[in-house]
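> model this:
(4 chains)
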2 protein chains.
Amino acid sequence: MGPVGGAKFDVAWRRITLAAVTIYDVAARSGVSIKSVSRVLNGEPNVSPALREKVSRAVEALGYRRSLSARSLAGATSSLIAALADAALTIEHWRSGRGNDYLSRLELGALMECRKADYHLMVELVDHGAETLDRELMALLAAIRPGGVLLTPPNSDHGTVLDVLDQEGVNYARIGARTQLDRGFCVSMDERQASFDMTAYLISLGHRRIGFITGPPAYPASQLRQAGYQDALAAHGLALDEAAIVEGDFTFPSGMRGMTALLNSVPGLTGVFASNDDMALGALQAAAAAGLSVPQDLSLVGFDDTPSALFSTPTLTTIRQPVAEMAAEAMRGLIGLLKPDSVRPDGPMTVPYELIRRQSARAI
Amino acid sequence: MGPVGGAKFDVAWRRITLAAVTIYDVAARSGVSIKSVSRVLNGEPNVSPALREKVSRAVEALGYRRSLSARSLAGATSSLIAALADAALTIEHWRSGRGNDYLSRLELGALMECRKADYHLMVELVDHGAETLDRELMALLAAIRPGGVLLTPPNSDHGTVLDVLDQEGVNYARIGARTQLDRGFCVSMDERQASFDMTAYLISLGHRRIGFITGPPAYPASQLRQAGYQDALAAHGLALDEAAIVEGDFTFPSGMRGMTALLNSVPGLTGVFASNDDMALGALQAAAAAGLSVPQDLSLVGFDDTPSALFSTPTLTTIRQPVAEMAAEAMRGLIGLLKPDSVRPDGPMTVPYELIRRQSARAI
DNA sequence: TTGAAAGCGCTAACAT
DNA sequence: ATGTTAGCGCTTTCAA
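Here you go, the predicted model:
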């Protein structure tokens, strides 16, 4: 029952630190070999209850925790998950002085799950647009050797990223992926159906001439949301009016422009579906500027349920995407993949969305 | 010029991965010892230009990156920074389905700086309220052995957290700290002065009877903001009316209640300073419910510049806290502390805030 | 069921 | 100015 570790003198910065508790300390205290300690810690079979008990007690008494570094260096696995976020998007947010609600919720969900499973989350920025993306990504993987990777949009759909990950044999989960859903562990929401539901909701309120403001055409999400809108019109026997669809880019100003354009080009317009909340908020402002009040003169709905949707006047009817739950689900799936006896689920996982009815849409 | 590494067969999950490039591969390729490679990589002195050149070329050609694990295991330092966020706060956000704009901006700033300096950010949740906080924190530090720790509010002011960090000899930076500013590297904003300025701004617009909605009394931030308000009144020769100060708790509903209370208790009220934006937004709604329009009948200002402040009607005059810049500054300071020849700055660092004039306040 | 010994890829003393 | 060697704290063969 000797002393735990020894005192180390960190001359580098005139500071004295106590040596960390290692597996040797635990082994010594419980009178077994380090291998036995390792066995207990990893829950390996063939360990007598007595030994397990002794070791557990020593671990508890010493407050011992295995070193992440030593573990990932020695073993084939790592309890480190790298979350890959898009650098350009991050820089854009930095410039605007705004946080990223989507990423924040996503991370929150991932963190909660990491904590439960004793995994750790490292956040990394990857430069989506760089020519040398593959090299940079390989370098990143070489440096941190994560046990798994969590892909956030738009990286979830980035071919090069998926290729590098596959090539390096790294397990990954993709959040909000829209393409190649057979690669990795995908968790997403049925955007098309949500958009269909929202449009059907407006129709159920009596609206017949409904304008739509799209996102950037290049985003798969834009296309899915627009498709849902068109499907719903068709399903309810309403003709598609090309003039009722205007292009936006998911920003507030584009929502303003979109609303102005719709007001000019669609006679008898009573409802507008902006395919995200930021645009809906912009549309709201443009409507006010045109002397129209929502929802008295016009019903307006969005998509995403950003925080501001709750504080606008009127509050915004929208679709809530359970981002945190998606991330938690993705983490569970990913951690599952990392277990030796894992079975990869065959299909992508779909989480339920919610249509949030607030003040901005009403029956006519 | 032999082959790079060898093929390893990962029988665990029928997958073939190429062995990672190691320092030995680089040494072999450039015909020097691993120590020389290490010297070049660490920018150590006493390396001939020729050797540096050879090694650099090999590193480049092989796409070599040092393993984080091996480095932190072998050396005294680690290029890993642990950002400590409050678990309770995170769970609260999880429940509400909202992201955390403050933390998101903070992380964004930290990430940008990490990328520049080739550091990595790991995010960890700590349970602020747990009795065993010290043990948990020590266990966390033992497991990941970060080179430095980045403290976010409210951990920045948590005595136990600071104690454990000091005791373990881990360098740390504190964001938005209000107390014991001599511990760690502190970066914050002058909340009191900002609050003073905002109040002075309302006074300059001609307001004389100005209500104030406080935050939770326990928060140092609440006290500073209130102090700034009171100072400004005094500085301008205005009497302090106790009835003009009502208690809130930084939430939307408390802002509604606060506004209602002020409307009832302060005759001739023309201005209201809610000490954060969420409360200001609630106050806005309560004013509307009382038949008052802002800013025609009443000027209203907030504090924080949350995203919603820009989307409300009217848009909200408020104080912008440069959170991302604070985090970047904190990371730079922290990384500076980690260098062997570092000098600890003597005082806390203060970053400039900005009074954002929008529509909700006007001259009378 | 348990243990001894050999690395994992680096850094850090200690040569030369 | 450069190289040799011994760990860091684990996991992983391989023996017993």
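
> where do the helices sit along the stretch 201-350 of chain A?
With DSSP state H, counting those that start in this stretch as the criterion, the stretch 201-350 of chain A has helices at A:220-235, A:252-265, A:277-289, A:308-311, A:323-338.

> buried residues in stretch A:117-130?
For stretch A:117-130, burial by neighbour count (16 or more other Cβ atoms under 10 Å in any protein chain shown) applies to A:Tyr119, A:His120, A:Leu121, A:Met122, A:Val123, A:Glu124, A:Leu125, A:Val126, A:Asp127, A:His128. Backbone N, C-alpha and C define where each C-beta goes, glycine included.

> list the contacts for the residue nearest the centre of chain A?
The residue lying closest to the centre of chain A (Cα atoms, centre = their mean) is A:Leu106, at 3.8 Å. Applying Cβ atoms under 8 Å, 6 or more residues apart in numbering or on different chains to A:Leu106 gives the contacts A:Thr152, A:Ile175, A:Val323, A:Ala324, A:Met326, A:Ala327.

> who are the neighbours in contact with the second one?
Contacts for A:Ile175 (Cβ under 8 Å, 6+ apart) come out as A:Leu106, A:Leu150, A:Leu151, A:Thr152, A:Pro153, A:Ser156, A:Val187, A:Ser188, A:Val323, A:Met326, A:Ala327, A:Ala330.

> try 10 Å this time
Going by Cβ atoms under 10 Å, 6 or more residues apart in numbering or on different chains, A:Ile175 touches A:83, A:102, A:106, A:109-110, A:150-153, A:155-156, A:185-189, A:323, A:326-327, A:329-331.

> Same question for the fifth one.
A:Met326 makes contact with A:105-106, A:109-110, A:173, A:175-176, A:186-189, A:349-351, according to Cβ under 10 Å, 6+ apart.

> Nearest residue to it in space, please, no chain neighbours.
Excluding the flanking residues, the one nearest A:Met326 by Cβ to Cβ, 6 or more residues apart in numbering or on different chains is A:Val187, at 4.8 Å.

> by how many degrees do whatever helix or strand that neighbour lives in and helix A:220-235 diverge?
According to DSSP states H and E, A:Val187 maps onto strand A:185-189. Relative orientation of strand A:185-189 and helix A:220-235, computed by axes from the mean of the first three to the mean of the last three Cα atoms, to 10 degrees: 50 degrees.

> by contact count, what packs against strand A:185-189?
strand A:148-151, strand A:171-175, helix A:220-235, helix A:323-338, strand A:349-351 (3 or more Cβ pairs under 10 Å, 6 or more residues apart in numbering or on different chains; DSSP states H and E).

> Identify the residue spatially nearest to A:Arg183, adjacent ones excluded.
Nearest to A:Arg183 is A:Leu162, by Cβ to Cβ, 6+ apart, at 5.4 Å.

> okay, now that neighbour: neighbour count?
Using other Cβ atoms under 10 Å in any protein chain shown, A:Leu162 has 20 neighbouring residues.

> Would you map the strands across chain A?
A:7-10, A:15-18, A:80-86, A:120-126, A:148-151, A:171-175, A:185-189, A:210-214, A:245-247, A:271-274, A:299-301, A:318-320, A:349-351, A:354-356 (DSSP state E).

> before we move on, the earlier item: any idea how far the residue nearest to the centre of chain A is from A:Asp157?
Distance of A:Leu106 to A:Asp157, computed by Cβ to Cβ, to the nearest Å: 15 Å.

> So which of the helices of the stretch 201-350 of chain A is nearest A:Ala20?
Nearest to A:Ala20, of all these, is helix A:323-338, at 25.6 Å by Cβ to Cβ.

> Give me the buried positions along that closest one.
So helix A:323-338, judged by 16+ other Cβ under 10 Å, has buried residues A:323-338.

> next one: stretch A:248-261
Across stretch A:248-261, burial judged by 16+ other Cβ under 10 Å covers A:Gly248, A:Asp249, A:Phe250, A:Phe252, A:Ser254, A:Gly255, A:Met256, A:Arg257, A:Gly258, A:Met259, A:Thr260, A:Ala261.

> so what pLDDT did the residue nearest to A:Met326 get?
On pLDDT, A:Val187 comes in at 96.

> For it, give me its contacts.
A:156, A:173-177, A:325-334, A:348-351.

> What does the pLDDT read for the spatially closest residue to A:Gly206 that is not a sequence neighbour?
Ranked by Cβ to Cβ, 6+ apart and with sequence neighbours excluded, the top spatial neighbour of A:Gly206 is A:Ile364, at 4.5 Å. Looking at A:Ile364, its pLDDT stands at 90.

> Quick one: residues contacting A:Ile364.
Residues counted as contacts of A:Ile364 (Cβ under 10 Å, 6+ apart) are A:Leu202, A:Leu205, A:Gly206, A:His207, A:Arg208, A:Thr270, A:Gly271, A:Pro295, A:Gln296, A:Asp297, A:Leu298, A:Ser299.

> Of those residues, which is the nearest to DNA strand C?
Using Cβ to the nearest atom of the strand, A:Leu202 comes nearest to DNA strand C of those, at 58.3 Å.

> Buried ones in stretch A:59-68, by neighbour count?
Across stretch A:59-68, burial judged by 16+ other Cβ under 10 Å covers A:Val59, A:Leu62, A:Tyr64, A:Arg65, A:Arg66, A:Ser67, A:Leu68.

> Pull the number of nearby residues for the closest residue to chain B within the stretch 101-250 of chain A.
In the stretch 101-250 of chain A, the residue that lies nearest chain B is A:Ser104 (3.0 Å; Cβ to the nearest Cβ). By the criterion of other Cβ under 10 Å, A:Ser104 has 24 neighbours.

> So it is in contact with B:Leu89, correct?
No: using Cβ atoms under 10 Å, A:Ser104 makes no contact with B:Leu89, being 11.9 Å away.

> for chain A, which spans come out with low pLDDT?
Low-confidence segments of chain A (pLDDT under 70): A:1-19, A:340-344, A:346.

> Up against DNA strand D, what does it have?
Within chain A, the positions near DNA strand D by Cβ under 7 Å from any atom of the strand are A:19-20, A:22-24, A:34-35, A:38, A:41-42, A:64-67, A:70-71, A:73-77.

> Buried ones from these, can you make that a ChimeraX selection?
To isolate the buried members of the residues of chain A next to DNA strand D in ChimeraX, using 16+ other Cβ under 10 Å:
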select /A:20,22,23,38,41,64,65,66,67,70,71,73
